[in-house]
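A.B. asks: after the sequence you'll find the predicted model.
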Amino acid sequence: MSYILGINAYHADSSACLLHQGQLIAAAEEERFNRLKHWSGFPTRAIQFCLQEAGLSLHEIDYIAQNRRPWSNMAKKFWFILTNRPDKKLVGKRLAHAGHWLNIKKQLLQALGIDSLRAQICFVEHHHAHLASSFFVSPMERAAILSVDGFGDFSSVAWGIGTGSRLQIMARVFFPHSLGLLYLALTQYLGFCSYGDEYKVMGLAAYGQPSFIKEMEHLIHLLPRGQFRLDLRYFCHHSQNFTYEWHNTIPQIGKVYTDNLIKLLGPPRSCEEPVVERHQDIACSLQLIYERALYHILNYLHDQTQIDSLCLAGGCAMNSVANGKISNHTPFKNLYIQPAPGDAGGAIGAAFVAWHEIKKRPRNFIMEHALWGPSYNKNAIISAIEARTFELTKEGCIWELILEEEHLLKLTAEAIAEGKVVGFFQGRMEWGPRALGNRSILADPRRSNMKDILNLKIKRRESFRPFAPSILREAVSEYFEKDDDVPFMLQVFKVIPEKRSAIPAVTHIDGSGRLQTVSANNNLRYYRLIKKFRDITGIPIVLNTSFNENEPLVNLPEEALDCFIRTQMDILVLEDYFISRQEHR
């Protein structure tokens, strides 16, 4: 019996997963347990969850695979140091950080309180793990593969071909050139300085015009054979000892752009400053220059492989706007992205590399849903409610157990149709950053004011941030210009113009929507709920956003209850419990 533990440690979104005989058993990010967004330490609690889910101890694990291989690309690293003479403190910090990855065995023993470990430790190069995380769990037997992110093991891009249980990496882009770094620099310039804020800029871009495209062309130059280069005069990540904290912390990255960028674009926005038209236009221009570079790589990749199917991975694969246009700007016809394409997903990639490339075993798994996290039984739900009886009563809440699912979903759909905001907590928690119906806040997409209500009163975030439409798979062609499977909410399509007024709360200002297709196969209860809403309203869509408030996605029922109480949601469906707030305060 082969058990493989995959981990992403000491990097953003630390995570763990468990395979048994090549089948994924469990996967979760550490942030869901310690409540610190993008946690970059050791994934102790995520590992414990994976082992508990399978009823195992660490002694029963055969392989432990991590998505780092610090000695990869050593020739490139030494050549960069010799020719660029970077700050010695920066080099020392990176060497010290690499030491954490090499001491994984020691960290495991300490974290789990054991004395010995029989598992073999496998080190998998960062982008190799990314590519594996998408292709090896895809339904494709043969595909072009591409990984794009900030940096990992001294490269930022890798591409090649996946065939059966084998990956062939054909080319890379190396440090200091990176599309992820380009997007990070402009994200910081626009005043969004927390780690992972790039998605805010992507949302803001829809409001702008590409009036800064000429300036953006100074920052990056496209080269033959799919390559590109940053103009390093505008960036300082390669030379200065900037803030770079990844060890047991929320990731922190200091300013990565130079004063030359300010001379080019004007004064940067502070985080307290209002967002104005100029900022929207810079965001729009950045998004377009990123897309131009991405499609440059992809067109070359297709030219070299002549394969119409693509598996995409890396942090930049979270750019759902660019992903939704791939079939319009490249010859690729089929796209697969697993639900955690960023660094968390590297844990899955490393584990499947161990299964396929070290153990030489064939593929026998397809990731068709994202529900790989913890679930909680009736006793856990009751205990959480009883512990908050005083708070719930004070808020004017009543609750009842509804064991007949048909009735529970009918009440929930009716509440959504009445304009109420519903927290929906069921089954296993989602793997990856998107709420896909198990840890979601749901609302009526027909109401034009719902976006403002959610942003201001529930989510307490920027007013320009959009919300996603969860749509019945069979209804996609009725509402979107492109008909495709998007189960993990990682592509943006245009809403058919005549349908936009019907679903204003989930139609972005540019007429697009970041859809999630829902089928009976990937989430049966959520699918039935949307069907109930369609039966009531005629609309096969509900507004879906993550069940949280400026925090990681809720995991425990206690966290769901606390978020429900403090954000003034109207309804909480907690497994089979229907909790309603009878009066608004």
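C.D. replies: Yep, that arrived.
A.B. asks: was I right to think Q209 contacts A283?
C.D. replies: No. In this structure, Q209 is not within contact of A283 by C-beta atoms under 8 Å, at 10.3 Å. Where you see a C-beta, it was placed from the backbone N, CA and C, and this is true even at glycine.
A.B. asks: quick one, which of the two is more surrounded?
C.D. replies: Comparing Q209 with A283 by other C-beta atoms under 10 Å, the one with more neighbours is A283, at 26 against 11.
A.B. asks: C-terminal to the helix or strand containing that one, what's the next element?
C.D. replies: Take DSSP states H and E as the rule and A283 turns out to sit in helix 277-305. Counting by DSSP H and E, the next helix or strand C-terminal to helix 277-305 is strand 309-313.
A.B. asks: report the mean confidence score over that following strand.
C.D. replies: Mean pLDDT, strand 309-313: 98.
A.B. asks: next, the angle strand 309-313 makes with the helix holding A283.
C.D. replies: If you take axes from the mean of the first three to the mean of the last three C-alpha atoms, to 10 degrees, helix 277-305 sits at 130 degrees to strand 309-313.
A.B. asks: how about helix 277-305: buried residues?
C.D. replies: Residues of helix 277-305 classed as buried: 278-298, 300-302, 304-305 (neighbour count, 16 or more other C-beta atoms under 10 Å).
A.B. asks: now swap in stretch 188-200 and tell me
C.D. replies: In terms of neighbour count (16+ other C-beta under 10 Å), stretch 188-200 has its buried residues at Q188, Y189, L190, G191, F192, S194, Y195, G196, D197, E198, Y199, K200.
A.B. asks: give me the nearest residue to the fifth one, chain neighbours excluded.
C.D. replies: The one in question is F192. Closest residue in space to F192, ignoring its immediate chain neighbours: K200 at 5.0 Å, by C-beta to C-beta, 6 or more residues apart in numbering.
A.B. asks: with the second one instead?
C.D. replies: If the residues on either side of it in the chain are set aside, Y189 comes closest to P268, at 4.7 Å by C-beta to C-beta, 6+ apart.
A.B. asks: so that neighbour sits in a helix?
C.D. replies: No. With DSSP: H, G, I helix; E, B strand; the rest coil as the criterion, P268 is coil rather than part of a helix.
A.B. asks: report the distance from stretch 288-295 to the chain centre.
C.D. replies: Here stretch 288-295 is found 20 Å from its chain centre; the criterion is C-alpha atoms, centre = their mean, to the nearest Å.
A.B. asks: how about residues contacting stretch 195-206?
C.D. replies: Residues outside stretch 195-206 that contact it (C-beta atoms under 8 Å, 6 or more residues apart in numbering): 12, 37-38, 183-184, 186-187, 190, 192, 250-253, 275, 279-280, 283-284, 286-287, 318-321, 462, 464-466, 508-510, 512.
A.B. asks: what is the mean pLDDT for the helix holding A283?
C.D. replies: If you average the pLDDT over helix 277-305, you get 98.
A.B. asks: what about stretch 566-580, start to end distance?
C.D. replies: Stretch 566-580 has an end-to-end distance of 14 Å (C-alpha to C-alpha, to the nearest Å).
A.B. asks: can you pull the buried residues of that stretch?
C.D. replies: By 16+ other C-beta under 10 Å, the buried positions in stretch 566-580 come out as T567, M569, D570, I571, L572, V573, L574, E575, Y577, F578, I579, S580.
A.B. asks: one more: stretch 223-240?
C.D. replies: Result for stretch 223-240 [16+ other C-beta under 10 Å]: buried residues G226, Q227, F228, L230, L232, Y234, F235, C236, H237, H238.
A.B. asks: contacts only, for the second one.
C.D. replies: What that stands for is Q227. Taking C-beta under 8 Å, 6+ apart, we find Q227 in contact with A171, V173.
A.B. asks: what about the residue nearest to F547 when sequence neighbours are not counted, how many neighbours?
C.D. replies: Ranked by C-beta to C-beta, 6+ apart and with sequence neighbours excluded, the top spatial neighbour of F547 is R439, at 4.4 Å. Other residues near R439 come to 27 when the count uses other C-beta under 10 Å.
A.B. asks: and R439, how far from F425?
C.D. replies: According to C-beta to C-beta, to the nearest Å, R439 and F425 sit 6 Å apart.
A.B. asks: cool, and R35?
C.D. replies: Separation of R35 from F425 (C-beta to C-beta): 16 Å.
A.B. asks: ok, now I503?
C.D. replies: Distance, I503 to F425, using C-beta to C-beta: 24 Å.
A.B. asks: swap in F578?
C.D. replies: 11 Å.
A.B. asks: so where do the strands sit in the stretch 351-500 of the chain?
C.D. replies: According to DSSP state E, counting those that start in this stretch, the stretch 351-500 of the chain carries its strands in the segments 397-401, 422-425, 439-443, 468-472, 493-494.
A.B. asks: over to the stretch 1-150 of the chain?
C.D. replies: Ranges of strands in the stretch 1-150 of the chain, per DSSP E, counting those that start in this stretch, are 3-8, 15-20, 23-29, 63-66, 120-123, 142-152.
A.B. asks: need the ones you listed in JSON lines (columns: mean pLDDT, distance to I398 and mean neighbour count).
C.D. replies: Formatted as JSON lines, these follow (pLDDT from 0 to 100; distance: least, C-beta to C-beta, whole Å; neighbours: other C-beta atoms under 10 Å):
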{"stretch": "strand 3-8", "mean pLDDT": "97", "distance to I398": "43", "mean neighbour count": "28"}
{"stretch": "strand 15-20", "mean pLDDT": "98", "distance to I398": "38", "mean neighbour count": "27"}
{"stretch": "strand 23-29", "mean pLDDT": "98", "distance to I398": "33", "mean neighbour count": "23"}
{"stretch": "strand 63-66", "mean pLDDT": "95", "distance to I398": "48", "mean neighbour count": "26"}
{"stretch": "strand 120-123", "mean pLDDT": "93", "distance to I398": "53", "mean neighbour count": "17"}
{"stretch": "strand 142-152", "mean pLDDT": "96", "distance to I398": "48", "mean neighbour count": "25"}
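A.B. asks: distance to C397 added to those strands, as TSV?
C.D. replies: Shown next, in TSV, are those (distance: least, C-beta to C-beta, whole Å):
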stretch	distance to C397
strand 3-8	39
strand 15-20	34
strand 23-29	29
strand 63-66	45
strand 120-123	50
strand 142-152	43
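A.B. asks: which of those sits closest to T44?
C.D. replies: strand 15-20 (8.8 Å; C-beta to C-beta).
A.B. asks: can you tell me the strand partners of the closest one and which way each runs?
C.D. replies: Strand pairing for strand 15-20, using DSSP bridges, gives strand 3-8 (antiparallel), strand 23-29 (antiparallel).
A.B. asks: gap between N438 and L19?
C.D. replies: 22 Å.
A.B. asks: center of this protein - which residue?
C.D. replies: Centre of the chain computed as the mean C-alpha position; nearest residue by C-alpha atoms, centre = their mean is P433, 3.8 Å away.
A.B. asks: now do the contacts for that residue.
C.D. replies: M318, A340, G342, S546, L553.
A.B. asks: model confidence score at the last one, please.
C.D. replies: In this case it means L553. Value for L553, per-residue pLDDT: 97.
A.B. asks: same question for A96.
C.D. replies: We have a pLDDT of 51 for A96.
A.B. asks: V91 too?
C.D. replies: 51.
A.B. asks: count the residues that sit near the residue nearest to Y189.
C.D. replies: Neighbour tally, P268, other C-beta under 10 Å: 17.
A.B. asks: follow-up on the earlier one: what's the overlap in contacts for R439 and F425?
C.D. replies: Common neighbours of R439 and F425 (criterion: C-beta under 8 Å, 6+ apart): F547, V554, A560.
A.B. asks: phi first, then psi, for the residue nearest to the centre of the chain.
C.D. replies: When read as degrees, to the nearest 10, the backbone of P433 gives phi -80, psi -10.
A.B. asks: just say helix, strand or coil for I509.
C.D. replies: Following three-state DSSP, I509 is assigned to coil.
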